[in-house]
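K.L.:
Okay, predicted coordinates and the sequence, questions at the end:
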Amino acid sequence: MMKVALTKILLGLFALSALAGCSSEDGGAGADVPAPIAFGATEVSLGSRASSAYYSTAETGIPLAQSMGVFGYQYPATEDWAVSDTANFMYNRRMVSKGRNDDGHTEFYYTPLAFWPQADTYRLAFFAYYPYASASSDTGIEPSVAPGTGMGTFAFTTKDKSSEQVDFMMSDLKPNLTYVSSTTTASGDTVSFRMHHMLSQVVFHVDTASVPSGYTSFQVKSIVMHNVAKKGTLKPTYTADKVTTFEWTVVAATDNDSLTVDGIQKNSTEDVPCRLLLLPQDNHNISLRVEVEAIPVGSQRPIVGYATMLMSGTTAAGIWKQGISYYYTLRLKELTKENKLYIYITSGAPDDPDQDDDYTGGTAIQWGGTWNGGPIDAAKKATSSCTGFSHGL
């Protein structure tokens, strides 16, 4: 009797063990394993001013520890992304750059983590912009992605000083993603954005390699741009032919709208040019005020002067387009018959083989005048908090 009972107990334990094994195996094959969503950025044509001198030609990516903002949409797996969808999965989620990986792509971290939903239940769509903007940040970017507005709009205000201006970038929309279909990397879990520059880069090189006769040194101290458009609204759109487009609406400029090139470096016409990041616009009505400092032969004290040029009267006049860099050189030319020194703006950098030698639209330097907004004495020692391009004999 005892043997029969023991046999029944052993058979029962075996059955329970078998059931447990089947349950574990079934659960391992069919259980939902949460897969976190990783984010990255490709650098095929991406060069941020934060770490690169040449904007759209260098392949630098978003610099280490700097942030982008991401918007995410979740909708039924049976549907495609639509303008009427809401950014209900992520709204302006901050992603911080971890730098570039071994493949040369920027990786990001964020918290809290988001996870891929069931592939047969939902799809996801994402797009990103840089630099990240919140209510407390001061990037000049104000995102507004309300329900039913698609990718929304982004108000933008250009900073008054070149050193404070940001390299505003946006990605293409990545629609209709699931964990299975998101195969942008070998692991299949990364959403990889291709970023585009939304602004125009305007670069001024200062060519004073040859000191004008009558002076022992000559340098440009500041450049102020007047009548430049500073406010606009960007509208990204995902078109019916599955292409992301970007359209600017720019507020017309007035003469009170000005920008200053600050932090001009000494002896550096190429490595650290005067660089601005501006809204795409027609530059014909923009004027440049260039302030200079020079030491006449026989004197130890510098004198200051200025020249104002209207872009429409030069070979540099034209339209600045989104995502394009424009290079100009400020050059000196002496007119000995008039005993005057002129400043000209020409297209191209000093080392550009296609550098424009047309001196149309030059302006004579007015010695005396004003310095940083205040009256000065031409014989008085000039002072300034910034440094300038300087070449002495």
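P.N.:
Ah, there it is. These numbers come from a predicted model, not from an experiment.
K.L.:
distance of the residue nearest in space to the middle of the chain from Ile295?
P.N.:
When CA atoms, centre = their mean is applied to the chain, the residue found nearest the centroid is Asp167 (1.9 Å). Going from Asp167 to Ile295 by CB to CB, to the nearest Å gives 37 Å. Glycine gets a C-beta too; all of them are placed from N, C-alpha and C.
K.L.:
for the closest residue to Thr314 other than its chain neighbours, what are its contacts?
P.N.:
Using CB to CB, 6 or more residues apart in numbering and skipping residues adjacent in sequence, the residue nearest Thr314 is Gly361, 3.5 Å away. By CB atoms under 8 Å, 6 or more residues apart in numbering, the residues touching Gly361 are 309-310, 313-315, 344-345.
K.L.:
Mind listing residues that contact the helix or strand that contains Phe71?
P.N.:
Using DSSP states H and E, Phe71 falls within strand 67-76. Applying CB under 8 Å, 6+ apart, the external contacts of strand 67-76 come out as 39, 41, 62, 81-82, 85-97, 108, 110, 114, 117, 121-133, 143, 145, 151-152.
K.L.:
Per the annotation, how does the protein divide into domains?
P.N.:
Domain segmentation of the chain under the TED database yields 38-133+166-197, 200-229+253-368.
K.L.:
what pairs with the spatially closest residue to Tyr132 that is not a sequence neighbour across the strands?
P.N.:
Spatial nearest neighbour of Tyr132, excluding adjacent residues (CB to CB, 6+ apart): Ser67 at 3.8 Å. Per DSSP bridges, the residues bridged to Ser67 are Val96.
K.L.:
Same check on Ala125?
P.N.:
Beta-bridge pairing of Ala125 under DSSP bridges involves Tyr73.
K.L.:
which residue ranges form the strands in the stretch 101-250 of the chain?
P.N.:
With DSSP state E, counting those that start in this stretch, the ranges of strands along the stretch 101-250 of the chain come out as 106-109, 122-130, 141-144, 153-157, 169-171, 174-177, 190-197, 200-207, 215-226, 231-238, 244-250.
K.L.:
Stretch 223-235: how far from the chain's middle?
P.N.:
Centroid separation for stretch 223-235 versus its chain: 15 Å, with CA atoms, centre = their mean, to the nearest Å.
K.L.:
Could you pull up the mean pLDDT of that stretch?
P.N.:
The average of the pLDDT scores along stretch 223-235 is 96.
K.L.:
That stretch: end-to-end distance?
P.N.:
Start-to-end span of stretch 223-235 (CA to CA, to the nearest Å) is 31 Å.
K.L.:
Pull out the buried positions in it.
P.N.:
Of the residues in stretch 223-235, 223-232, 234 count as buried by neighbour count, 16 or more other CB atoms under 10 Å.
K.L.:
same thing with stretch 247-257?
P.N.:
If you call a residue buried by 16+ other CB under 10 Å, then stretch 247-257 has these buried ones: 248, 250, 253, 257.
K.L.:
for stretch 92-105, same thing?
P.N.:
For stretch 92-105, burial by neighbour count (16+ other CB under 10 Å) applies to 93, 95-97, 100, 105.
K.L.:
one step back: so among the contacts of strand 67-76, which ones count as buried?
P.N.:
For those, buried by 16+ other CB under 10 Å: 39, 41, 62, 81, 85, 87, 89-90, 93, 95-97, 108, 110, 114, 117, 122-133, 143, 145, 151-152.
K.L.:
low-confidence ranges in the stretch 251-393 of the chain?
P.N.:
Applying pLDDT under 70 to the stretch 251-393 of the chain picks out residues 265-273, 336-338, 349-359, 369-393.
K.L.:
need the strands for it, in chain order.
P.N.:
All strands of the stretch 251-393 of the chain, identified by DSSP E, counting those that start in this stretch, fall at 258-261, 274-278, 281-282, 287-296, 303-310, 319-320, 325-335, 340-347, 363-364, 366-367, 370-371, 374-375, 391-392.
K.L.:
Reformat these as TSV; add mean neighbour count and distance to Ser213.
P.N.:
Listed next are the strands of the stretch 251-393 of the chain as TSV, based on neighbours: other CB atoms under 10 Å; distance: least, CB to CB, whole Å:
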stretch	mean neighbour count	distance to Ser213
strand 258-261	20	27
strand 274-278	22	25
strand 281-282	18	38
strand 287-296	21	11
strand 303-310	20	15
strand 319-320	16	36
strand 325-335	19	6
strand 340-347	21	9
strand 363-364	18	16
strand 366-367	15	15
strand 370-371	17	24
strand 374-375	7	28
strand 391-392	14	14
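K.L.:
which one of those strands lies closest to Thr239?
P.N.:
Closest of the strands of the stretch 251-393 of the chain to Thr239 is strand 319-320, at 23.4 Å (criterion: CB to CB).
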